[in-house]
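Undergrad: Quick one: sequence plus predicted model below, questions after.
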Amino acid sequence: MTISSPCHPPTSSTLDNFPASRIFSPDVNRNLTGPSVRVLTWNILADGMAQNGNFTKTDPSDLDWSTRWRRIRDEIQQSEADILLLQECNHFEGCVVRDLATLGYTIAIHQPKADSPALQYGAPADGVAVFARAGVFRMIWHLKGGFRLPKDSALLGDGSIGGDEMNQGYIIAELVHKQTNRRLIVATSHFKAKKSTQNDLIRQHQAIQMRVLLDQVHRERLESLLAEYAQQPLWNNNVKDLKALPVIFAGDLNCEPSSFAVQALLTQRNDLMPLQGLWASLGLHAPTDYRGQVLGSNGNKVEGGALKQVCPDDVPFTTWKYRNGLGGEQCRIIDHFFWNEAAEVRTIARMPSRVQLGKDTGLPSACYPSDHLAVVCEFQV
């Protein structure tokens with residue numbers, strides 16, 4: 001199947017059924033005051049991969065890139081996010097950078113896959129991307145690269161970097177919030193796709209590498225800032241700020257909250273910076289069934305509580321699709337947020353329901369341009 005003409009928005013309105021702007025759940029922490037930062041993470045579904053993704057219940061016209069890009073752009077605009085952490089982002093050098101700049105996102109970083117599946121369909125290479133509003137932030141530095149294959153054949157270890165580079169990559173960036181002059185580290189990645197025992201182990205290793213990288217960056221930046229402030233008069237007044245260097249990591253990890261990869265990110269270790277996870281903070285610790293349906297300890301669907309305020313359906317999900325030959329219906333939580341103790345979540349955008357998204361069609365649909373939902377959190381800075 002050929003891909004659509006790149007970067008040309010549709011001439012007629014295609015947004016009649018598009019969901020209204022999301023409302024945010026009641027404040028998770030009502031004690032937080034002062035400026036906040038809104039962060040969006042979203043696998044936007046790469047051009048080329050959408051048209052060839054075996055989405056059996058999706059109208060082909062809803063897979064056209066020009067149609068989807070307009071809807072993606074509108075969803076981003078409605079989110080009013082300050083920082084965008086995107087996965088499966090292609091057309092970066094074309095319409096993506098150009099159009100997002102008109103919304104104020106002029107800080108832009110891209111890490112394309114070395115062997116992107118989109119290339120075989122004539123589309124540009126997809127990868128992860130970070131965007132930020134230049135009116136809110138200035139960027140200090142960024143680091144990007146690919147995960148490395150582990151040194152041992154069992155795909156286990158301590159996260160040390162070695163071996164050949166994998167196709168999956170990451171971006172880590174340090175930003176300064178202009179209003180408060182506080183620094184913030186943000187990161188995104190897209191872990192190995194498809195279910196298998198080997199891929200589970202690869203994702204676990206990628207999670208370990210990511211956590212080690214974040215810890216190393218956090219330590220090095222704190223040491224650098226401490227040395228910098230030590231040269232300034234009255235630097236002791238800034239010690240509190242130096243100890244509070246927020247780290248936010250989000251992306252499509254292709255695995256559920258109960259997976260080994262997620263647990264590798266959350267497990268407390270004395271030698272690594274502790275992280276908290278969005279879904280665990282909402283009370284989602286239970287395993288899932290073969291479709292990704294979340295099960296309680298008695299085998300029932302999870303109901304009520306903080307999770308229900310964010311996910312209106314009985315089965316919470318961040319991706320929902322129907323595919324031939326790939327397990328039929330897939331309805332799972334595989335998109336995640338993690339943060340360290342210096343970052344505090346203020347509120348979370350409520351996810352749209354199945355009815356809003358097209359009821360029985362799955363994603364993408366006439367109401368939503370990707371097979372993943374955008375997840376949006378607001379953090380105290």
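TA: Sure, I can see it.

Undergrad: host element of the residue positioned nearest the centre of the chain?
TA: The residue lying closest to the centre of the chain (Cα atoms, centre = their mean) is G251, at 2.5 Å. Here G251 sits within strand 247-252, counting by DSSP states H and E.

Undergrad: Can you give the strand pairings for that strand, parallel or anti for each?
TA: strand 183-190 (parallel), strand 335-339 (antiparallel) (DSSP bridges).

Undergrad: Tell me which residues touch the residue nearest to the centre of the chain, please.
TA: In this structure, G251 makes contact with T41, N43, L85, Q87, V128, T188, S189, H190, F191, D335, H336, judged by Cβ atoms under 8 Å, 6 or more residues apart in numbering. Bear in mind the C-beta positions are built from the backbone N, C-alpha and C, glycine included.

Undergrad: That one and T318: what is the separation?
TA: Going from G251 to T318 by Cβ to Cβ, to the nearest Å gives 11 Å.

Undergrad: Now do the same for the nearest residue to A123 once chain neighbours are set aside: its pLDDT.
TA: Using Cβ to Cβ, 6 or more residues apart in numbering and skipping residues adjacent in sequence, the residue nearest A123 is G48, 3.1 Å away. Here the pLDDT value assigned to G48 is 98.

Undergrad: same check, this time on G358
TA: According to the model, G358 scores 75 on pLDDT.

Undergrad: And for the one 10 residues further on?
TA: We have a pLDDT of 95 for Y368.

Undergrad: quick one: the helices in the stretch 251-381 of the chain?
TA: Counting by DSSP state H, counting those that start in this stretch, residue ranges of the helices within the stretch 251-381 of the chain are 260-266, 278-281, 305-310, 354-357.

Undergrad: Now tabulate these in JSON lines and tack on distance to D74 and mean neighbour count.
TA: Below are the helices of the stretch 251-381 of the chain laid out as JSON lines (distance: least, Cβ to Cβ, whole Å; neighbours: other Cβ atoms under 10 Å):
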{"stretch": "helix 260-266", "distance to D74": "31", "mean neighbour count": "20"}
{"stretch": "helix 278-281", "distance to D74": "24", "mean neighbour count": "20"}
{"stretch": "helix 305-310", "distance to D74": "22", "mean neighbour count": "16"}
{"stretch": "helix 354-357", "distance to D74": "15", "mean neighbour count": "17"}
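
Undergrad: mind checking which of these is nearest E329?
TA: helix 354-357 (11.4 Å; Cβ to Cβ).

Undergrad: Name the residues that touch the closest one?
TA: P19, D313, W320, D360, L363, S365, C367, Y368.

Undergrad: From L373, how far off is the nearest residue to the third one once chain neighbours are set aside?
TA: If you skip the residues right next to it in sequence, W320 has C331 as its closest partner in space, 4.7 Å away by Cβ to Cβ, 6+ apart. When Cβ to Cβ is applied, the distance between C331 and L373 equals 11 Å.

Undergrad: That concludes my questions; thank you for your assistance.
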